Structures are given as structure tokens and as C-alpha cells.
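Engineer: Predicted model follows, preceded by the sequence.
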Amino acid sequence: MKNILLILFFCGLAVVCFDASLGYVSIAQSVGDVVTVDGFMNIAGAYGMLLLSICVVLKSSCLLMGGKLPEINWNYVVYGLLLVITPSATYITYTNIQSNIEEYVECEDAREFSLRYSSRTYAISHELCQPQ
């Protein structure tokens, strides 16, 4: 029972991280009149947790079902995800977002910056930056 709850937890984590990653990808593909862009590390965290939670779900569900894991070293898989795939996906997403908002103006009053989270808000014109 404990193992099933653990798998359900990591499945839920994977869904949340997938939703966050999908949000970043949708911002990178198309932008509206006002766009809030999270910081580079926030995007990297979403991608990293998504990939790691998928690995954990696959590994734990295989062990729970009594199946045999493939003869691979999971450390190399995790290191590859964290050191190659996550930074690559983050860089591609972040540069696409930045290229889409080149002609936008930054809304200085809507900027959020803290140790755990940062974001900047951009709009097509200064008039849209004013609080409604």
C-alpha cells in the first residue's frame, strides 16, 4: 500500500510538472498582449522535476509490478537528464520566449523577484502595464 501511494505521489508530481512545462512551451510558441515570463531557474526546475519524476514512476512501478528492470545504470540516465536534456530544453524554451517578446516593453511594477521565484511581465505597450 505504501508503494502504491508513493507511485501515486510521483505520478501527481509528474502531472504538475508537465502542466508547468507545457505552460512554458505555450508561452514560447505564442504570446498575447501581456505575458508573464518566469526566470531561467524556474523553467529549469520544472523540466528537471518532470524528467526525474517520470524516471521515478517508471522505476518504482516496474519494481512494484514485480518486473525486472532493464540492465542499465540509472545513475547515468539521471545524470544525462539533469546535465544534458534539462539545460538544453530550458535554454531552447527561454530563448524562444525572449525572441517572441523582443518588441514588448517590460512592466516594471509587475516584476517579482525573491529567492525562490522570479518573473517579469511584458506588454505590447505601456498602457497595458497599468493596473486595471
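Structural biologist: Now that the structure is in, tell me what you want to look at. As the structure is a computational prediction, the values presented were derived from the model and not from experiment.

Engineer: In space, what's closest to E103 - neighbours in sequence excluded?
Structural biologist: Leaving aside its sequence neighbours, E103 sits nearest to I124 (CB to CB, 6 or more residues apart in numbering; 7.8 Å). To be clear about C-beta, it is placed using only N, CA and C from the backbone, and glycine gets the same treatment.

Engineer: How about the contacts made by that neighbour?
Structural biologist: 33-34, 103-105 (CB atoms under 8 Å, 6 or more residues apart in numbering).

Engineer: Please identify, among these, the one with the most neighbours.
Structural biologist: Comparing these by number of neighbours (other CB atoms under 10 Å), Y104 comes first, having 20 neighbours.

Engineer: I'd like the distance between that one and T90.
Structural biologist: 21 Å (CB to CB, to the nearest Å).

Engineer: what's the nearest residue to the residue positioned nearest the centre of the chain if we skip its chain neighbours?
Structural biologist: For the chain, the residue nearest the mean C-alpha position is A46 (2.6 Å; CA atoms, centre = their mean). Take A46 and drop its neighbours on the chain: the residue closest to it by CB to CB, 6+ apart is A20, 4.1 Å away.

Engineer: list the helices and strands the helix or strand that contains the one you found packs on?
Structural biologist: Using DSSP states H and E, A20 falls within helix 2-29. Packing partners of helix 2-29 (3 or more CB pairs under 8 Å, 6 or more residues apart in numbering; DSSP states H and E): strand 34-38, helix 40-64, helix 86-100.

Engineer: List the buried residues in the longest one.
Structural biologist: Which is helix 40-64. Residues of helix 40-64 classed as buried: 40, 42-58, 60 (neighbour count, 16 or more other CB atoms under 10 Å).

Engineer: Much appreciated, bye for now.
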